[in-house]
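# Return atomic coordinates for the entry below.
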Amino acid sequence: MTAQTTEETQGPGLKTVVTASAAGTAFEWYDFFVFGSLTTIIAKHFFADAGETVSYIMALLTFGLGFVVRPLGALVFGWFGDRTGRKTTFLVTITLMGLATVAIGLLPDYGQIGIAAPILLLIMRMLQGFALGGEYGGAAIYVAEHSPPKKRGFMTGWIQTTAAFGLIGALAVILTTRAALGTEAFDAWGWRIPFILSALLLAISLWIRLKLHESPAYQRMEAEASDDDHRAPFREAFLTWSNGRFVLIALFGIMIAQGAVWYCGYFYTRFFMERMLRVDTNTVDQLVLAVTIASAGLYVFFGWLSDRVGRKPVMLFGMILALIAFFPGFQALTRAANPALAEAQAAAPVTVIADRATCALQFDPVGKATFASSCDLAKSVLSNAGVSYSNEAAEPGSVAVVRVGEVEIPSVEATGLAPAELKAARTDVETRIKAALAEAGYPTKADPARINLPLVFGILMLFMVAATALYGPQAAALVELFPTRVRYTAMSLPYNIGTGWVGGLLPAASFALVAWSGNIYFGLWYSIGFTVVAVIVSLLWLPETKGRDLNTI
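Residues are numbered from 1 along each chain as shown. Here you go, the predicted model:
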């Protein structure tokens, strides 16, 4: 008989385990980030009939819905991971994720098949989210169950940094493809290439992961299990108070802050610069890429630091830094990225004077509302222009007026008009308001020559320090909260509710809050609110778990 190698008999070494797990997870993040980075282009291709503001919100919601289904994926794949093993489960998740991503790149758009296009896009996004719901928990647990207790934060920190690697890969492919094809061709059809490239990445990731064996903790549990040991992951994880209370603590003490802080730092900053500040998309991509590369090592650093000082203090530092930094940071971002906008807002503030009963939230997930009142038409123009405004009550039934400095521009009441007349009314209001804004010095886009790139980079890095301090130790903290029997199920659900529901819906909800309030910074209250709750819960109830023996809990 041919002698087997050590790796064949005892399993791959720790470096191989970390590399294989991280590579597969980075690929799945790549798939997800490609969609998030191309939201503006996707809105034009799949929601062409909905109007600019609504189509953008619907594209953000489609992005968010991929996150909404993640808890379902967590439940399904968590159950299989606890019943059948870690390795098999995350082979399935990576395959499903890759196939759904490639399919998005091949979908016909709205102009070709009409309403079927956004429906198919939504289905593919939900499949992506369903798969990713089971991926993270499997990879984090697999690495943690192989790691020495004193290095668990450091080792799982490499799983955390895969989010950065996935985003780096997504932005690098997008920037390279856009540069090679030109902006016009990229916007027309080249945007499909980053999705289709997932086929190659899927093949590589599967090849790497097929080399892995089952984790030692799971093998030990299987070996020690008796014939009458019938595991029930759902009941044991959620209906047994000893585990269920830690599910709640993980959700409200860690994960809602993770969704609020990390997705604000990575995604909302991008939408804010591109949509509100009118910075060129290519410049935004380059800035986000630079910041992501610069911050990639921080995940591992903060994971390593948590091995020494504890998971809880490091994560609390990230949450509190975000609370301190968000409002002044975003205001400084406006002055650094589009100083002309900041100057115009100070010199000629904008006010919408309207009957508040006629002003809608302009948040329409199904795309059926028309938003045709004089107030809605005026606010839509200002929101699309990235202009902050205050609200002033007018007499009931009066037509809304937009005041730019000392100049007043009446809107038009278009409720009940035929589609062609409504479109003409929108165009008329938009033309007159934009003319007044231009006269007052409001820029239509950020002047590249006036962008303070070092300052913008520094502000974004501050947000990344907060995000990575919270995210770096997170995998180790979550794994250490739960016993082996239910670990996959119990940690995956709160993780995917926090990132899926709080984080995934953050861009759409924050933008809708801005459109409703008129204040371009008002959307930050979404992130602030969730983070405040998490700080309180963490301080009061989250235990320190550093160094726990995973085989004894």
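
# make it CA atoms for all contacts and neighbour counts henceforth
Noted.

# Helix, strand, or coil at residue 544?
Under DSSP: H, G, I helix; E, B strand; the rest coil, residue 544 falls in the coil class.

# I'd say it and residue 308 touch.
No: contact criterion Cα atoms under 8 Å: residue 544 and residue 308 do not qualify, at 11.9 Å.

# Can you find the helix or strand of this protein with the lowest average pLDDT?
Here the helix or strand of the chain ranked lowest by mean pLDDT, DSSP states H and E is helix 6-10, holding a mean of 40.

# from memory residue 436 sits against residue 404, does it?
Yes: with contact defined as Cα under 8 Å, residue 436 reaches residue 404; the gap is 6.8 Å.

# Could you list the residues in contact with the host helix or strand of residue 89?
For residue 89, the host element (DSSP states H and E) is helix 86-106. Defining contact as Cα atoms under 8 Å, 6 or more residues apart in numbering, one finds that helix 86-106 is touched by 24-25, 28, 31, 77, 80-81, 121, 124-125, 127-129, 131-132, 134-135, 138-139, 141-142, 191-199, 202, 205-206, 209-210, 212-215, 218.

# ok, 6 Å please
Under the criterion Cα atoms under 6 Å, 6 or more residues apart in numbering, residues 81, 124, 128, 131, 135, 138, 192, 195, 196, 198, 202, 214 lie in contact with helix 86-106.

# buried ones in the helix or strand hosting residue 420?
Secondary structure assigned from DSSP H and E places residue 420 in helix 419-439. For helix 419-439, a neighbour-count test (16 or more other Cα atoms under 10 Å) marks 422, 425, 426, 429, 430, 433, 434, 436, 437 as buried.

# how far does stretch 494-503 stretch from start to finish?
Stretch 494-503 has an end-to-end distance of 12 Å (criterion: Cα to Cα, to the nearest Å).

# okay, now residue 312: neighbour count?
Residue 312 is flanked by 22 other residues according to other Cα atoms under 10 Å.

# what helix or strand does it sit in?
Remark: residue 312 resides in helix 311-337, with elements defined by DSSP H and E.

# What is that helix packed up against?
helix 453-471 (3 or more Cα pairs under 6 Å, 6 or more residues apart in numbering; DSSP states H and E).

# Who are the packing partners of the helix it packs on?
Using 3+ Cα pairs under 6 Å, 6+ apart: helix 453-471 touches helix 311-337.

# Next, the angle from the helix it packs on to helix 453-471.
160 degrees (axes from the mean of the first three to the mean of the last three Cα atoms, to 10 degrees).

# can I have the helix or strand following helix 311-337 written out in PDB, keeping just the CAs?
Next along the chain after helix 311-337, taking DSSP H and E as the criterion, comes helix 339-347. Output of helix 339-347 as PDB, limited to C-alpha atoms (Å, rounded to 0.1, in the frame of the first residue of the first chain):
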ATOM      1  CA  PRO A 339     -16.500  72.300  -1.800                       C
ATOM      2  CA  ALA A 340     -18.700  74.300  -4.300                       C
ATOM      3  CA  LEU A 341     -21.800  72.400  -3.000                       C
ATOM      4  CA  ALA A 342     -20.900  73.200   0.600                       C
ATOM      5  CA  GLU A 343     -20.300  76.900  -0.300                       C
ATOM      6  CA  ALA A 344     -23.600  77.200  -2.200                       C
ATOM      7  CA  GLN A 345     -25.500  75.600   0.700                       C
ATOM      8  CA  ALA A 346     -24.100  78.100   3.100                       C
ATOM      9  CA  ALA A 347     -24.600  81.100   0.800                       C
END
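
# Quick one: residues in contact with helix 339-347.
335, 441, 442.

# Okay, angle between it and helix 311-337 too, please.
80 degrees.

# could you point out which element follows helix 339-347?
strand 350-354.

# Nearest to residue 382 among the contacts of helix 86-106?
Distance to residue 382, by Cα to Cα, is smallest for residue 192 among these, at 31.4 Å.

# so how far is residue 466 from the closest one?
33 Å.

# neighbour count winner among those two?
For residue 192 versus residue 466, the count of surrounding residues by other Cα under 10 Å is larger for residue 466: 25 against 22.

# Please give me every residue in contact with the more buried one.
Applying Cα under 6 Å, 6+ apart, the residues near residue 466 are 318, 321, 322.

# Report the separation between the last one and residue 313.
So the one you mean is residue 322. Residue 322 is 14 Å from residue 313, by Cα to Cα.

# Could I get the phi/psi values of the residue positioned nearest the centre of the chain?
In the chain, the residue lying closest to the centroid (Cα atoms, centre = their mean) is residue 263, at 4.4 Å. Main-chain dihedrals, residue 263, degrees, to the nearest 10: phi -80, psi -30.

# Wait, it touches residue 505, no?
No: assessed by Cα atoms under 6 Å, residue 263 is found out of contact with residue 505, at 9.4 Å.

# Contact partners for residue 130?
Taking Cα under 6 Å, 6+ apart, one finds 69, 70, 73 in contact with residue 130.

# I'd like to know how far the last one sits from residue 495.
It stands for residue 73. 11 Å.

# circling back to that earlier point, relative orientation of the helix holding residue 420 and helix 339-347 in degrees?
Using the same axes, to 10 degrees: helix 419-439 against helix 339-347 is 90 degrees.

# which residues sit against helix 419-439?
381, 411, 414.

# The last one in helix, strand or coil?
Spelled out, it's residue 414. Assignment for residue 414 (three-state DSSP): coil.

# so what's it closest to, chain neighbours aside?
Among residues not flanking residue 414 along the chain, residue 372 sits closest, at 5.1 Å (Cα to Cα, 6 or more residues apart in numbering).

# got it, and residue 379?
Nearest to residue 379 is residue 515, by Cα to Cα, 6+ apart, at 7.1 Å.

# now swap in residue 262 and tell me
Nearest to residue 262 is residue 467, by Cα to Cα, 6+ apart, at 4.8 Å.

# same check, this time on residue 78
Nearest to residue 78 is residue 489, by Cα to Cα, 6+ apart, at 4.0 Å.

# Assign a three-state SS to the one you found, would you?
The local conformation at residue 489, judged by three-state DSSP, is helix.

# I'd like to know how many residues surround it.
30.

# pLDDT score assigned to it?
On the pLDDT scale, residue 489 is placed at 81.

# ok so, going back, can you pick out the residue with more neighbours from residue 322 and residue 313?
Applying other Cα under 10 Å to residue 322 and residue 313 shows that residue 322 carries more neighbours, namely 29 against 18.

# give me every residue that touches that one.
Contacts of residue 322 (Cα under 6 Å, 6+ apart): residue 466.

# follow-up on the earlier one: of the contacts of residue 130, closest to residue 239?
Closest to residue 239, out of all of the contacts of residue 130 and judged by Cα to Cα, is residue 73, at 19.2 Å.

# surely the closest one meets residue 135?
No: counting by Cα under 6 Å, residue 73 stays clear of residue 135, with 8.8 Å between them.

# From the neighbour counts alone, determine which of those two ranks first.
In this view residue 73 and residue 135 are compared by other Cα under 10 Å, and residue 135 has more residues nearby, 30 against 26.

# Is the more buried one in a helix, a strand, or coil?
Assignment for residue 135 (three-state DSSP): helix.

# Now do the contacts for it.
Contacts of residue 135 by Cα under 6 Å, 6+ apart are 90, 93.

# I'd like to know the predicted local confidence at it, please.
73.

# That one and residue 477, how far apart?
Using Cα to Cα, residue 135 is found at 17 Å from residue 477.

# Please apply the same query to residue 163.
Counting by Cα to Cα, the gap from residue 163 to residue 477 is 18 Å.

# More neighbours: the two, which one.
Taking other Cα under 10 Å, residue 163 and residue 477 do not tie; residue 477 has more neighbours (29 against 23).

# Please, which helix or strand holds the more buried one?
Here residue 477 is assigned to helix 474-481, by DSSP H and E.
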